[in-house]
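Colleague: below are the sequence and a predicted model for it; my questions follow.
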Amino acid sequence: MKNLLDVRFFLLDMDGTFYLGNKLIPGALEFLQILKDTNRDFVFLTNNSSKNKFTYKQKLSKLGCNICEEKVFTSGEAAVIYLKNKKSNAKIFLMGTPSLEEEFMQNGFTVIKDRSETPDYVVLGFDTTLTYEKIWIACDLIREGIPYIATHPDFNCPIENKKYMPDTGAMIKLFEAATGRLPLIIGKPYKYIIDSVMQKYRINKEELAIVGDRLYTDIATGVNSGITSILVFTGETSEEMYKKSNIKADYVFSSIKDLGNSISNLNLKIC
């Protein structure tokens, strides 16, 4: 069992872990204060590559959690870091929202929008502006063997009133049917998003933990990347579901409040 005391940096899922819909989960803000008081740090980690950091900052601010934008890390940013390590000035055929396009361009990439040039990579994000023309061009490029990556594999994105939007994972299936190829996936549950976090924040794997409510994304990320995983029962996963699952977390708490209390108690014992 990994020692919770060794964790100095927490990767926090948001919906289902820190808040539910438009309400903070009890103890969420107190948890951040406990991290500060015990010289620990955090970042909110999301697979959603359709929104930028400012959008999440605004959402959290409305809930009473005031953070800087650098406290949010998306699968889109992870894809940028991954590709910068491969080829810093690459040409990208990007299927993504204007905010994701801006993020790539700000990091030195050239975003190609038509058939006039051959890109170095095809990148599929959560593109809520996806058109048939984009799909057609991407399929041609993927069939030609252009390296192809996707920001994350989620099939659906939860929205208000318990409804869902089709997400990038569903788009991956479309391109697989048309081309026979699958992308390299960067986001949760794959290790590439954790590699990008460690590179950006200069944190060691042994000091890192992921906290979330989903077994197949949050907890599987911990398993796949070798970092501490912490499950909370305030979102998708129930205790009954966890008992039946073969995906196991290093730690299980009823909520982020109980996790915070445990950290406080551990620190008191060693003082």
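Modeller: Sure, I can see it. Numbering: from 1, shown residues only.
Colleague: rest of the way, CA atoms for contacts and neighbours
Modeller: Fine.
Colleague: hmm, who's touching the biggest helix by length in the chain?
Modeller: The residue-count maximum for a helix in the chain (DSSP state H) belongs to helix 256-270. Helix 256-270 has contacts (C-alpha atoms under 8 Å, 6 or more residues apart in numbering) with 4-5, 17-18, 25-28, 30-31, 34-35, 38, 232, 253.
Colleague: before we move on, what about stretch 59-72?
Modeller: Residues outside stretch 59-72 that contact it (C-alpha under 8 Å, 6+ apart): 22-24, 29, 42-46, 53-54, 56-57.
Colleague: out of the residues you listed, list just those in strands.
Modeller: If you go by DSSP state E, the contacts of stretch 59-72 have 23-24, 42-46 in strands.
Colleague: buried ones among those residues?
Modeller: Using 16 or more other C-alpha atoms under 10 Å as the burial test, the ones in strands among the contacts of stretch 59-72 include 24, 42-46 as buried.
Colleague: nearest to Ala79, of those residues?
Modeller: Thr46 (12.5 Å; C-alpha to C-alpha).
Colleague: settle this for me: that closest one is touching Phe73, isn't it.
Modeller: Yes. Between Thr46 and Phe73 a contact is recorded at 6.4 Å, counting by C-alpha atoms under 8 Å.
Colleague: returning to that earlier point: which among the contacts of helix 256-270 gets closest to Ala209?
Modeller: In terms of C-alpha to C-alpha, no member of the contacts of helix 256-270 lies closer to Ala209 than Leu4, at 8.7 Å.
Colleague: okay, helices next: where are they in the chain?
Modeller: Assigned by DSSP H, the helices in the chain fall at 28-37, 53-62, 75-86, 98-106, 132-143, 168-179, 192-201, 220-225, 239-244, 256-270.
Colleague: how about a markdown table for the ones you listed, with distance to Asp120 added?
Modeller: Shown next, in a markdown table, are these (distance: least, C-alpha to C-alpha, whole Å):
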| stretch | distance to Asp120 |
| --- | --- |
| helix 28-37 | 41 |
| helix 53-62 | 26 |
| helix 75-86 | 10 |
| helix 98-106 | 14 |
| helix 132-143 | 10 |
| helix 168-179 | 18 |
| helix 192-201 | 19 |
| helix 220-225 | 27 |
| helix 239-244 | 42 |
| helix 256-270 | 42 |
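Colleague: looking at the ones you listed, which has the lowest confidence?
Modeller: Set side by side, the helices of the chain give their lowest mean pLDDT on helix 256-270, at a mean of 85.
Colleague: between that helix and helix 28-37, how big is the angle?
Modeller: Using axes from the mean of the first three to the mean of the last three C-alpha atoms, to 10 degrees, the inter-axis angle of helix 256-270 relative to helix 28-37 is 30 degrees.
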